[in-house]
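Engineer: kindly generate the corresponding structure for this input.
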Amino acid sequence: MKIDSLYKKIAEKMWSVVQEAISGGDNILLEPLKSVGASLKWEKEKEKEWFDSGKDMESVSTWSPKYWNRDLEKLLMECIATQIPSFVSASNIDEPAFKDHLSQLESNIFPNLRCKRDFFKEAELLTTYTKCCNACLLSHFSTLTDGNLSFSKCLLIYEWGFNMYRSGSVMLLLADACYLKWIFSDMEKKLLTVTQKEVREALREVVNAGRKPYTDTTIIQVLTGRSEAVQHISDTIRDKVEAGCLEELLQFLCSYKNETRSLLQVDTFSVMCSNLQILENCCIFRAAWYKLTYIYSASAETDTKVKEFIDGTEEQSRKLFLQAIASEAKVVLKNHFRKDYSDLNTFLNFLQLSFSRFEMKNTQTYETLIQAAYQSIVTEYMQALLTISGKSSSAKRRNIANKIKADHRAMRTLFEENFGPRTVSLDDPIERTIDFIGLTDIEAMKLQIVLLLHKCPDLRKEHLNIILDIKGTLSWTERNTLLAVVYENCVGIEKETDIKTEKYGNCVCCCCF
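Structural biologist: Got it, this is the predicted structure:
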């Protein structure tokens, strides 16, 4: 028991010396610290002798000096930890305070620990001291990166750690492999993860319809801002950040395309505005990607995928938009020729308002969309004219002529004045119908019918009958003369005179006028 008590007193004295060496400032007494080193060296030698002598294991396991190395490590860990300022997480403080903390580590803590390192080296305790410094500092670095960090804070830690490595100021306190893993694996992975997360959120935010206006410049800034922020550190990290941003762009475009595909199940006018926004987003992304190819060194495969996603999303959205146009036009025109008031003007005004919000008007996408929308409305109008009007009386149909002219004028005004004269097709069937109704010379009428038949070989006798009824100023002889032109100029056309107009109620031949 006396020997155990003696060992205990020796240990207490040694730990007092170690504590003083760590926390006592620069005035460290080297000789007492060397005594600690010599005592621990003696302990190791005696333990080895004990094992080599073949003494029983129970005696070895209870021998007091055996725990001196363990107790020294524990003490050093506690003492070194007290030298490092307490810190909860970078996510809970602002950047200036975070910078101050890193600056304090660099200018005060590291130099102090390096200074003490020399004394522990002289005392032959360097291995234990370095091991404890390594564990304490890496634990503190881990604390710095806990929580949800922003890109700017991640970059701040990464750049600080990279500079510490490049200067070598921290390497004397840490094992090379451990620090390299922390900065070039753990911290780098954290930086790239946060980069992709913020890019994903930023892309989602800028394409939100309620966040307009935004331009291709906005998209470019989202995708290049972070790589520009790291390029001064090294080309390697810049390339990795660029690759992460491009990967996130591809994933975003893929998910955006899938979202658009799900909308294809809905064929209602209520989704028209959202689809116009999607189409405009495609225009913006296409313009942004064109410029990005001069900034990024994207592979041919990536370039192809980006373009495929944009084109595919655009095509899906255009399909849904035109379906909505046709569906609503069909509803609006259902009773258009049977009542004095119609919702057609309201429908056209809504279209004008919707298209006025489309900012990428100088694009092929917009021009093609407007032309297709105009043709869709004209087609539905002719369908309504050649079917519903056929069920009305002759007197009523003759009064429809003025309505057709007014409607056509309203449609052309909307599409020509707001979207340009190229929008309106040269083969506008409504205009050709109006021109035919206004003719008085039978030979001119026959020529017009021939032109119509060449443009629309599926024009039926019953369709022409409706147009002749609307004209309403022809004798039966003139009517039969004009109908004969149909027989003479159409091959394979049915000549039964009792075919009902309803049979062709859904015929799409009218769009070929």
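Engineer: out of everything not next to it in sequence, what's closest to residue 174?
Structural biologist: Closest residue to residue 174 apart from its sequence neighbours, by Cβ to Cβ, 6 or more residues apart in numbering: residue 134 at 5.0 Å. (Glycine included, C-beta is placed from N, CA and C.)
Engineer: what is the burial count for that neighbour?
Structural biologist: Residues near residue 134, counting by other Cβ atoms under 10 Å, number 17.
Engineer: now the helix or strand encompassing it, how far from the centre of its chain.
Structural biologist: Assessed by DSSP states H and E, residue 134 sits inside helix 126-144. Centroid separation for helix 126-144 versus its chain: 40 Å, with Cα atoms, centre = their mean, to the nearest Å.
Engineer: using CSV, write out the CA atom coordinates for the next helix-or-strand element following that helix.
Structural biologist: Remark: after helix 126-144, the chain's next helix or strand is helix 151-167, criterion DSSP H and E. Only the C-alpha atoms of helix 151-167 are listed here, as CSV (Å, rounded to 0.1, in the frame of the first residue of the first chain):
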residue,chain,number,x,y,z
PHE,A,151,-22.1,28.4,-48.8
SER,A,152,-20.3,31.6,-47.7
LYS,A,153,-19.5,30.1,-44.2
CYS,A,154,-18.5,26.8,-45.7
LEU,A,155,-16.2,28.6,-48.1
LEU,A,156,-14.8,30.7,-45.2
ILE,A,157,-13.8,27.5,-43.3
TYR,A,158,-12.5,25.8,-46.4
GLU,A,159,-10.4,28.7,-47.5
TRP,A,160,-9.1,29.2,-44.0
GLY,A,161,-8.2,25.5,-43.6
PHE,A,162,-6.6,25.5,-47.1
ASN,A,163,-4.4,28.5,-46.2
MET,A,164,-3.4,26.9,-42.9
TYR,A,165,-2.3,23.8,-44.8
ARG,A,166,-0.5,25.8,-47.4
SER,A,167,1.4,27.9,-44.8
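Engineer: enumerate the positions of the helix or strand following helix 151-167 that are buried.
Structural biologist: Counting by DSSP H and E, the element after helix 151-167 in chain order, helix or strand, is helix 176-181. With burial defined by 16 or more other Cβ atoms under 10 Å, the residues of helix 176-181 counted as buried are residue 179.
Engineer: cool, stretch 118-135 as well?
Structural biologist: Under 16+ other Cβ under 10 Å, the buried positions of stretch 118-135 are 119, 120, 123, 125, 128, 129, 130, 132, 133, 134, 135.
Engineer: what's the closest non-adjacent residue to the third one?
Structural biologist: Counting by Cβ to Cβ, 6+ apart, residue 37 is the residue found nearest to residue 123 once chain neighbours are left out, at 3.8 Å.
Engineer: which residues does that neighbour contact?
Structural biologist: Listed by Cβ atoms under 8 Å, 6 or more residues apart in numbering, the contact set of residue 37 reads 123, 124, 125.
Engineer: will you turn the residues you listed into CSV that also has distance to residue 182?
Structural biologist: Converted to CSV, the contacts of residue 37 look like this (distance: Cβ to Cβ, whole Å):
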residue, distance to residue 182
123, 28
124, 28
125, 25
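Engineer: output the contacting helices and strands for the helix or strand hosting residue 411.
Structural biologist: Following DSSP H and E, one finds residue 411 within helix 394-412. Applying 3 or more Cβ pairs under 8 Å, 6 or more residues apart in numbering; DSSP states H and E, we find helix 394-412 packed against helix 344-356, helix 364-387, helix 429-438, helix 461-471.
Engineer: of all those, which lies closest to residue 83?
Structural biologist: Within these, the stretch nearest residue 83 is helix 364-387; the backing value is 63.4 Å (Cβ to Cβ).
Engineer: and that closest one, what's buried?
Structural biologist: Those would be 365-366, 369-387, for helix 364-387 by 16+ other Cβ under 10 Å.
Engineer: which strands and helices sit next to it?
Structural biologist: Counting by 3+ Cβ pairs under 8 Å, 6+ apart, helix 364-387 packs on helix 272-292, helix 300-332, helix 394-412, helix 429-438, helix 461-471.
Engineer: so can I have a markdown table of these showing mean neighbour count?
Structural biologist: Shown next, in a markdown table, are the helices and strands packed on helix 364-387 (neighbours: other Cβ atoms under 10 Å):
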| stretch | mean neighbour count |
| --- | --- |
| helix 272-292 | 21 |
| helix 300-332 | 18 |
| helix 394-412 | 16 |
| helix 429-438 | 19 |
| helix 461-471 | 21 |
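Engineer: much appreciated, bye for now.
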